[in-house]
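[1] Have a look; sequence and predicted model below, questions after that.
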Amino acid sequence: MAEKQLMKGNEVIGEAAIRAGCRYFFGYPITPQNDIPAYMARELPKYDGVFLQAESEVAASNMVYGAAGAGARVLTSSSSPGISLKAEGISYIAGAELPCVIVNIMRGGPGLGSIQPSQSDYFQATKGMAHGDFHLIVYAPSNVQELADLTFKAFNVADQYRTPVMVIGDGMLGQMMEPVEFMEPIDPDELPKKEWATDGAKGREKNVINSLALDPRDLEILNERLQDKYKEIKAQEVMYDEYKMEDAEMAVVAYGTSARIATKAIDMAREAGIKAGLFRPITLYPFPEQELAATTEKIEQYLTVEMSAGQMLEDVRLAVEGRRPIEFYGRMGGMVPETDAILNKLQEMRGE
Amino acid sequence: MNEEVIMAGFGGQGVMSIGQLLAYSGMKAKLEVSWMPSYGPEMRGGTANCTVIVASEKIPSPLTTHPNSVIVMNLPSQTKFVPKVKEQGLVVKNSSLIDEKIERDDLTIIEVPANEIAEELGNTRVANMVMLGAYIAEKEIIDLDIVKNSLANVLPERHHGLIPLNEKALDRGYNLVKEPASV
C-alpha cells in the first residue's frame, strides 16, 4: 500500500471511486458534500473521465442511469434534500437492475434543514428510498479509512449484484481529516465485460435496459428476481463491528459518526465501572439482525444512539425481539450527541 | 498520550492551516490523528475553529467537549473556548489582539504577541505559525523539525515560496517559550 495521506473524508470518497475504476460523475452541488464534486471535477479529466454538473439532481440521477446502462462505473453524490430529488432515478436504476454508487453525506432535515451532520435519512436509505419493492445495499463508514475502503468495495458489490449501492455518511465524516491508505487502483478497461450493457449492438443481439413491464406477471417475475437478490445479499453481505463486547453487560448500538462518539462514552463508562460495549452495523441494509440478536444472550440492556429521532432503533427492536429492554438517545436537526450525555444515559439505565 | 486541542480565531487567521499542520505532523510522527473543522455559517465573519486530536491510541471521537488545550487568536474565541478547557489545561493566547484577562486560575496561560512578531518578520499572516510554535514548545508532543518538514505537505503549492518565512515564525513562537529571555 502507498504512503498514508491526511485527507478530508469527502475527497477520500472521490479518490476511492477513481481507484475503483469510476470514470463518470454526475451531480449537483449541495453542502456539506461539495468537496466530492470539486475533487471529481479536478481529477476525472486526468483519467479521460467525465465530470458533469447537471441542471438538477433529477437530471443527474438519470445521467447515472444512462452511464450505468452503458456498463460504466458511475458515481453520484449529494446530501439529504438532493438525495430526495434523486430518488426517482434511483428507483428506475434498481428496477432496471443497474450497478451504480450513490453517496449521501447527510445533513439535518426535514426540508432544506441545516448543513450540519445528521443521520435522519436512515429510513430513506434502508426502507423508503422511492416507489417500488427495492433496496439499496447501504454502507455506513465511521472513519475516513472506512470511507475509502467501503466506497471502493461499493463499486465491486454493485457490479456483482447489478444493484445500486449507497455509501452513507454525514457532514462530520465528510469534513474531517484523518490518515488514509488507498487500495491499488483498478483499470476500468481490465474489468470483466458487462454482457447486458447497452453499449452498441453491432454484431450481436440487442440488449434492452428498461424498468417498464406492463404485463403484471412479467413485472412480478422481475420483482421475484429482485427479492431473490436481496435474500442473497442478506446472506452474504452483512458487515458489522464490535468494540469491547466480550464481557459487556450493556451495549450501545450506533453507526457512523454516532458510533465514534459512543466509543468514547463507552471508554468513560468502563472507567466508571460500567461494562459497556459497542455494536456497530457497517451495512445498514442488510442490517446485521442475526448478529445483533445473538448478543441478547449476554447483553442485559441496549442503548441505541443516533443523530435522528430514532430510526435505526426500529431495526434494533426487530432484531432484539423484546428479549431485552432498549432505550434511545438521539439529537436532531444537526446537533451532535455529546459523550457526557451518552455516559449519563448509560449510568441512568444502570440505576446510578 | 491523548492531546485534544481546539484552535480558534476569525476567518483568515489561519487556524485551519495550523490545525492541519499539527495533524499532518502527528501522522508523520507515527501517532494517531484527526482534524475536524467547524463548518457552516459561523465561518463567515465569526469564529472559525478546528479540533485536532493527537494520540498514541486509536481516536474514538474526533470531537471533544473538554479539550486539554486551546489556541485562541481573537477575543470571541477566548470567550467561547477557554471555559471548556480541562482543569490544569493550556491556553495559548494571541496577546496582540486579546487584552481581556482570563478569569480561571488553574490554567497554564502562554501569552504570545503573535501579530507583532509576525509583523517583525514582515508578514502578519504568519501569526498563526508563531502561535503553533509556542504550542509545540509547551506541549512537546511532536518535534519542531517534523512540523517544519510537514509545511510543504500542508501549504498549497502557490505558497511554497513562503515556507522559510513560516519556519521562522514557528521558531519565534517556539523560542518564546523555550528561551523567553532571548526573545
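    Received it, and whenever you're ready, just let me know what you need.
[2] Quick one: name the residues of chain A near chain B.
    A:4, A:6, A:31-32, A:114-116, A:171-172, A:175-179, A:260-261, A:263-264, A:267, A:336, A:338-340 (C-beta under 8 Å from any C-beta of the partner chain). The way it works is simple: take the backbone N, C-alpha and C, and place the C-beta from them, glycine included.
[3] Tell me the buried residues within those.
    Applying 16 or more other C-beta atoms under 10 Å in any protein chain shown to the residues of chain A next to chain B, the neighbour count classes A:4, A:6, A:31-32, A:114-116, A:171-172, A:175-179, A:260-261, A:263-264, A:267, A:336, A:338-339 as buried.
[4] ok, what's across the strand from the residue of the stretch 1-150 of chain A found nearest chain B?
    Across the stretch 1-150 of chain A, no residue is closer to chain B than A:Leu6, which sits at 4.9 Å (C-beta to the nearest C-beta). Using DSSP bridges, the bridge partners assigned to A:Leu6 are A:Pro179.
[5] Was I right to think it contacts B:Ala23?
    Yes: applying C-beta atoms under 8 Å, one finds A:Leu6 in contact with B:Ala23, separated by 5.9 Å.
[6] Now do the shared contacts for these two.
    Common contacts of A:Leu6 and B:Ala23 (C-beta atoms under 8 Å, 6 or more residues apart in numbering or on different chains): A:177, B:33, B:35.
[7] Identify the residues contacting the residue positioned nearest the centre of chain B.
    When C-alpha atoms, centre = their mean is applied to chain B, the residue found nearest the centroid is B:Leu132 (4.0 Å). Listed by C-beta under 8 Å, 6+ apart, the contact set of B:Leu132 reads B:18, B:21-22, B:71, B:147, B:170, B:173.
[8] Name the nearest residue to residue 37, sequence neighbours excluded.
    Went with chain A since none was named. Excluding the flanking residues, the one nearest A:Pro37 by C-beta to C-beta, 6 or more residues apart in numbering or on different chains is A:Gly27, at 4.9 Å.
[9] nope, chain B
    The shortest distance from B:Pro37 to any non-neighbouring residue, by C-beta to C-beta, 6+ apart, is to B:Cys50 (4.5 Å).
[10] Now B:Asn128: which helix or strand?
    Assigned by DSSP states H and E, B:Asn128 belongs to helix B:127-139.
[11] what's the neighbour count on B:Leu63?
    Residues near B:Leu63, counting by other C-beta atoms under 10 Å in any protein chain shown, number 22.
[12] That one contacts B:Val52, correct?
    No: B:Leu63 lies out of contact with B:Val52 (C-beta under 8 Å); the separation is 11.2 Å.
[13] okay, and the common contacts of those two?
    With C-beta under 8 Å, 6+ apart, B:Leu63 and B:Val52 have common neighbours B:Met36.
[14] Show me which positions of stretch A:230-249 end up buried.
    Those would be A:230, A:233-234, A:237-239, A:243-245, A:248, for stretch A:230-249 by 16+ other C-beta under 10 Å.
[15] For that stretch, C-alpha coordinates in PDB please.
    Extracted in PDB, the C-alpha atoms of stretch A:230-249 (Å, rounded to 0.1, in the frame of the first residue of the first chain):
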ATOM      1  CA  TYR A 230     -31.900  -9.300  -1.600                       C
ATOM      2  CA  LYS A 231     -32.100 -12.700   0.000                       C
ATOM      3  CA  GLU A 232     -28.600 -13.500  -1.300                       C
ATOM      4  CA  ILE A 233     -27.300 -10.000  -0.300                       C
ATOM      5  CA  LYS A 234     -28.700 -10.600   3.300                       C
ATOM      6  CA  ALA A 235     -26.900 -13.900   3.400                       C
ATOM      7  CA  GLN A 236     -23.600 -12.700   2.000                       C
ATOM      8  CA  GLU A 237     -23.000  -9.000   2.600                       C
ATOM      9  CA  VAL A 238     -23.700  -8.200   6.300                       C
ATOM     10  CA  MET A 239     -20.900  -6.200   7.900                       C
ATOM     11  CA  TYR A 240     -20.700  -5.100  11.500                       C
ATOM     12  CA  ASP A 241     -18.100  -4.300  14.100                       C
ATOM     13  CA  GLU A 242     -17.900  -4.800  17.900                       C
ATOM     14  CA  TYR A 243     -16.000  -2.900  20.500                       C
ATOM     15  CA  LYS A 244     -15.400  -4.200  24.000                       C
ATOM     16  CA  MET A 245     -18.400  -6.600  23.600                       C
ATOM     17  CA  GLU A 246     -16.600  -9.600  25.000                       C
ATOM     18  CA  ASP A 247     -17.500  -9.000  28.600                       C
ATOM     19  CA  ALA A 248     -20.100  -6.300  28.100                       C
ATOM     20  CA  GLU A 249     -23.400  -6.200  30.100                       C
END
